[in-house]
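*Asks:* what's the 3D shape of this:
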Amino acid sequence: MPPDWEMLKGAANEDGEFRLHARFWNADLCFTMGEESTAIRVRDGQIHAIQSGAGPEPADLALSAPTSVWEEMLKPIPRPFFHDLLGASAHHGLTMEGNVTHRCSYFPAVRRLVELMRVQSH
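*Replies:* Model (predicted):
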């Protein structure tokens, strides 16, 4: 089940850890869960807009996986290698594509966003 995107926006913008890791970040993200894509616009370290249900959007950073992988990743206590983006990308088909600066410099912000998605999904 996908997260409540509006609740995620509020939770991320109020979350000290996300805000710390995302400071100075300006990026367009795309999360694709199976066939459904969600565009997330980050400006100055805050989520400014989320548009769900669109096709894959051009993005600075795109994360994509089958729905079954996201379902496992977003469980309250994920199984091994579903608990982290790197494990899921190495073992379960999650792809992370885009600008290497966004992927490397802001990886902790993306990881925290997925942790917040986990909370919002349940």
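
*Asks:* which helix is the longest one in the protein?
*Replies:* The longest helix of the chain (DSSP state H) is helix 107-120.

*Asks:* tell me which residues in it are buried?
*Replies:* Residues of helix 107-120 classed as buried: A109, V110, R111, R112, L113, V114, E115, L116, M117, R118, Q120 (neighbour count, 16 or more other C-beta atoms under 10 Å). C-beta coordinates here come from the backbone N, C-alpha and C atoms, glycine included.

*Asks:* Can I get those residues in CSV including distance to F24?
*Replies:* Below are the buried residues of helix 107-120 laid out as CSV (distance: C-beta to C-beta, whole Å):
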residue, distance to F24
A109, 10
V110, 15
R111, 17
R112, 15
L113, 16
V114, 20
E115, 21
L116, 19
M117, 22
R118, 25
Q120, 25
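
*Asks:* thinking again about what came up before, averaged over its residues, what pLDDT does the longest helix of the chain have?
*Replies:* Averaging pLDDT along helix 107-120 gives 94.

*Asks:* Identify all contacting residues around that helix.
*Replies:* Residues from elsewhere that reach helix 107-120, judged by C-beta atoms under 8 Å, 6 or more residues apart in numbering: 3-4, 7-8, 11-12, 15, 17-18, 21-22, 25, 29, 40, 61, 63, 73-76, 78, 84-85, 103.
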